[in-house]
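Undergrad: What follows is a predicted protein model with its sequence.
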Amino acid sequence: MGFARINGLVLHYRLWGDGEGDAPVLVLANSLGTDGRIWDDVARLLAPRWRVLSYDKRGHGLSDAPEGDYTLEDHVADLAGLLDHLGIGRVALAGVSVGGLIAQGFALRHPERLAALVLCDTAARLGDTGLWEARIAAVREHGMEAVADTIISRWFSRRYVQEEPDAVAGWRNLLARTPAAGYAGTCATLRDTDLRPLIGGIRVPTLVIAGDEDQSSPPTLVQQTAQAIPGARYVEIPGVGHIPSIEQPAMLAALFGSFLLEVGHHEVGHG
């Protein structure tokens, strides 16, 4: 693990696999109210064939959480700056929820740096202005505990909630302990971002994945985004909610791995 000052903020990251080598890199961007730990099981499965970089986006985990609204460009610039700091060039990029929105923004802003794109339980537009305004107001006035139960109830499948109550409680702890400033600031990103007019310009090989029990980003919404990206492939995972890396890491790692092999992002020195 490490820390880097990027765009005036300290970002926390972890690099799995041979950090000194030239194996191709897969970058993982986390969802709203979580940090890079949601990817741990996936990262372990994919290293060392790939170097895997997970990071806590601004406002989350061990990264700085400045006050105020964050823009999509802020998040994209943070990721680009982190890659520059680590001397990493061309990558495959996967993101879930708002991490997937950041990934779409990165693909549009820095297409030359991407070998492949994987979008999990996300869309070009997530929610609407009223939803995010209400969430921001609740968090800024009452803190994360005021919204934690409602949010966590939408993250997981019925099976996972029934079979893994302690894990659900632990992930709720992560959500509730997210800095209110960071959570609200990233809600502003979601409030202000609509990439629907732009994502037809994404030309990188793209895999789009949805859990069929996702209540936060319904599969129909995710599929609409897949249909708007030229050549994108859509896969739906049965019995999974909003964060498949938690519920089905082996299945997700297998999907990632086969896709990266198919597009050629697996050879030493590639990208």
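TA: That came through fine. Numbering: from 1, shown residues only.
Undergrad: all helices of the stretch 101-250 of the chain, in order?
TA: 129-142, 145-152, 158-163, 165-176, 180-192, 219-228, 244-247, 249-263 (DSSP state H, counting those that start in this stretch).
Undergrad: Please work out which of these is packed deepest.
TA: Counting by mean count of other CB atoms under 10 Å, helix 244-247 has the highest mean neighbour count of the helices of the stretch 101-250 of the chain, with a mean of 24. Every residue, glycine included, has its C-beta placed from N, CA and C.
Undergrad: could I get the helices of the stretch 101-250 of the chain as JSON lines with distance to residue 33 and mean pLDDT?
TA: JSON lines is the format used below for those (distance: least, CB to CB, whole Å; pLDDT from 0 to 100):
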{"stretch": "helix 129-142", "distance to residue 33": "10", "mean pLDDT": "97"}
{"stretch": "helix 145-152", "distance to residue 33": "6", "mean pLDDT": "96"}
{"stretch": "helix 158-163", "distance to residue 33": "17", "mean pLDDT": "97"}
{"stretch": "helix 165-176", "distance to residue 33": "4", "mean pLDDT": "98"}
{"stretch": "helix 180-192", "distance to residue 33": "6", "mean pLDDT": "98"}
{"stretch": "helix 219-228", "distance to residue 33": "19", "mean pLDDT": "98"}
{"stretch": "helix 244-247", "distance to residue 33": "13", "mean pLDDT": "98"}
{"stretch": "helix 249-263", "distance to residue 33": "19", "mean pLDDT": "96"}
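Undergrad: Nearest to residue 95, out of those helices?
TA: Closest of these to residue 95 is helix 244-247, at 10.8 Å (criterion: CB to CB).
Undergrad: Give me the contacts around that closest one.
TA: The contact list for helix 244-247, computed with CB atoms under 8 Å, 6 or more residues apart in numbering, reads 28, 38-39, 41-42, 96, 120-121, 156-157, 160, 167, 171, 209, 211, 237, 240-241, 251-252.
Undergrad: about what we covered before: could the helices of the stretch 101-250 of the chain be laid out in JSON lines, adding distance to residue 50?
TA: Output for these, formatted as JSON lines (distance: least, CB to CB, whole Å):
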{"stretch": "helix 129-142", "distance to residue 50": "34"}
{"stretch": "helix 145-152", "distance to residue 50": "31"}
{"stretch": "helix 158-163", "distance to residue 50": "27"}
{"stretch": "helix 165-176", "distance to residue 50": "25"}
{"stretch": "helix 180-192", "distance to residue 50": "27"}
{"stretch": "helix 219-228", "distance to residue 50": "23"}
{"stretch": "helix 244-247", "distance to residue 50": "15"}
{"stretch": "helix 249-263", "distance to residue 50": "7"}
